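Chemist: A predicted structure for the sequence below; I have some questions about it.
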Amino acid sequence: MRFAIDIDSTLHPYWDQLAEIAKRRYGVDLPYDTQSTWAIDALAPEQLKAVVDETHSPEHVLTAEPYPGAVEAIARWHEQGHFIHITSHRALETHGQTAEWLEQIGLPHDELYCSYDKITRCVELQIDVLIDDSPDNLRRAVEVGITAATLEHPWNRDLPDVISAPDWPTLAHRLESCLK
Ligand SMILES: [Mg+2]
């Protein structure tokens, strides 16, 4: 099996970092529980870009704490011989700190891809399963025949044909049962 796995809001609680930086820089509250769409209207586009860029600074990338059970599940799949492609919507310049973080948390993988077109790369790599929280990526994965899976967040509830779970151990179990 060939897995593609997103980082932000998939491997670690990214929203906490985003909300903290938005509050500090612009005094804007971004409550997680009511973030029911992918759009962040409370910030102007250039403000949002500045906040997202800061979340991908070495300081923030290297202090991210993975969700419980994420590293264990992926390490088990890697050990079983599955291909692990880590894919993140972030600038190429962030590759260094991202690779360092994966090393630091002990997450084995075959390829790390920091770019802005995940699905194209997934198709090139003949990925079977994409785990990602973005509704758009999940929808596009389903359209090209890739199994789509996500941790449940307020912005990706009720998507058709997507395997979801509230935490990593449950998600891994659901994926393993339906991929047999
Ligand atoms: Mg994400």
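Modeler: In hand now; what should we look at?

Chemist: look at residue 172 and report its pLDDT.
Modeler: What the model reports for residue 172 is a pLDDT of 98.

Chemist: next: the one 4 residues further on.
Modeler: At residue 176 the predicted local distance difference test score is 93.

Chemist: same question for residue 129.
Modeler: pLDDT for residue 129: 97.

Chemist: equivalent analysis for the one 3 residues further on, please.
Modeler: In this model, residue 132 is scored at 98, pLDDT.

Chemist: skipping adjacent residues, who's closest to it in space?
Modeler: Leaving out its chain neighbours, the residue that sits closest to residue 132 by Cβ to Cβ, 6 or more residues apart in numbering is residue 6, at 3.8 Å. Quick note: C-beta positions are derived from backbone N, CA and C, even for glycine.

Chemist: contacts for the helix-or-strand element of the chain with minimal mean pLDDT next, please.
Modeler: When the helices and strands of the chain are scored by mean pLDDT, DSSP states H and E, helix 168-179 comes last with a mean of 93. Applying Cβ atoms under 8 Å, 6 or more residues apart in numbering, the contact partners of helix 168-179 are 1, 67-70, 72-73, 76, 128-129, 131, 147, 149-151, 163-165.

Chemist: ok, now with 10 Å
Modeler: 1, 3, 10-11, 66-74, 76-77, 80, 82, 128-129, 131, 147, 149-152, 163-165 (Cβ atoms under 10 Å, 6 or more residues apart in numbering).

Chemist: could I get the CA-only coordinates of that helix as CSV?
Modeler: The C-alpha coordinates for helix 168-179 follow below in CSV (Å, rounded to 0.1, in the frame of the first residue of the first chain):
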residue,chain,number,x,y,z
TRP,A,168,-5.1,8.5,15.2
PRO,A,169,-5.6,5.1,16.8
THR,A,170,-9.2,4.9,15.6
LEU,A,171,-8.3,6.3,12.1
ALA,A,172,-5.5,3.7,11.7
HIS,A,173,-7.8,0.9,12.8
ARG,A,174,-10.6,2.0,10.4
LEU,A,175,-8.1,2.3,7.5
GLU,A,176,-6.5,-1.1,8.3
SER,A,177,-10.0,-2.8,8.4
CYS,A,178,-11.2,-1.3,5.1
LEU,A,179,-7.9,-1.8,3.2
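
Chemist: give me the buried positions along that helix.
Modeler: Buried positions in helix 168-179, judged by neighbour count with 16 or more other Cβ atoms under 10 Å: 168, 171-172, 175.

Chemist: same thing with stretch 62-72?
Modeler: Of all the residues in stretch 62-72, those buried under the rule 16+ other Cβ under 10 Å are 64, 66-67, 70-71.

Chemist: likewise stretch 90-103?
Modeler: Neighbour counts using 16+ other Cβ under 10 Å place 90, 94, 97-98, 101-102 of stretch 90-103 among the buried residues.

Chemist: just checking, what packs against the longest strand belonging to the chain?
Modeler: With residue count as the measure and DSSP state E as the assignment, the chain has strand 83-89 as its longest strand. Packing partners of strand 83-89 (3 or more Cβ pairs under 10 Å, 6 or more residues apart in numbering; DSSP states H and E): strand 2-5, helix 70-79, helix 95-105, strand 111-115, helix 118-124, strand 129-131.
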